[in-house]
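>>> generate coordinates for the sequence data below:
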Amino acid sequence: MRCWRRLLLNENRIPEALNYARHAVEVAPSAETHRNLGIVLMQADKVEEAIREFNRALEIKPDMADAHCRLGIVLQREGKLEEAVTHYQQAVASGP
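Down below sits the predicted model:
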């Protein structure tokens, strides 16, 4: 599933990637599918929704380094530096 999301994003087909990622969450909700939806939402500049999806991924899998890192990126872009640093630190502590 990740390959299709990547392919669509690489071709700048964000609306299609968004539909695909939302469908994946509906049919197979997991930390990974929520994280993937968050990634697409970041690309679509839907910041609040992206934050919500990364948090959902972390509720399911609190040690998911990639979700912490991406959440940190979004929070940093929003000027929420202390929160961003916390998530960066958790990403490093969680490992790859």
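>>> please, which helix or strand holds Leu18?
For Leu18, the enclosing helix or strand under DSSP states H and E is helix 14-27.
>>> give me the nearest residue to Ser94, chain neighbours excluded.
Closest residue to Ser94 apart from its sequence neighbours, by CB to CB, 6 or more residues apart in numbering: Ala65 at 4.0 Å. Where you see a C-beta, it was placed from the backbone N, CA and C, and this is true even at glycine.
>>> how about that neighbour, what does it touch?
Gln90, Ala91, Val92, Ser94, Gly95, Pro96 (CB atoms under 8 Å, 6 or more residues apart in numbering).
>>> redo that, cut-off 10 Å
His87, Gln90, Ala91, Val92, Ala93, Ser94, Gly95, Pro96 (CB atoms under 10 Å, 6 or more residues apart in numbering).
>>> am I right that the fourth one is in contact with Thr86?
Read that as Val92. No. Between Val92 and Thr86 there is no contact under CB atoms under 10 Å: 11.1 Å.
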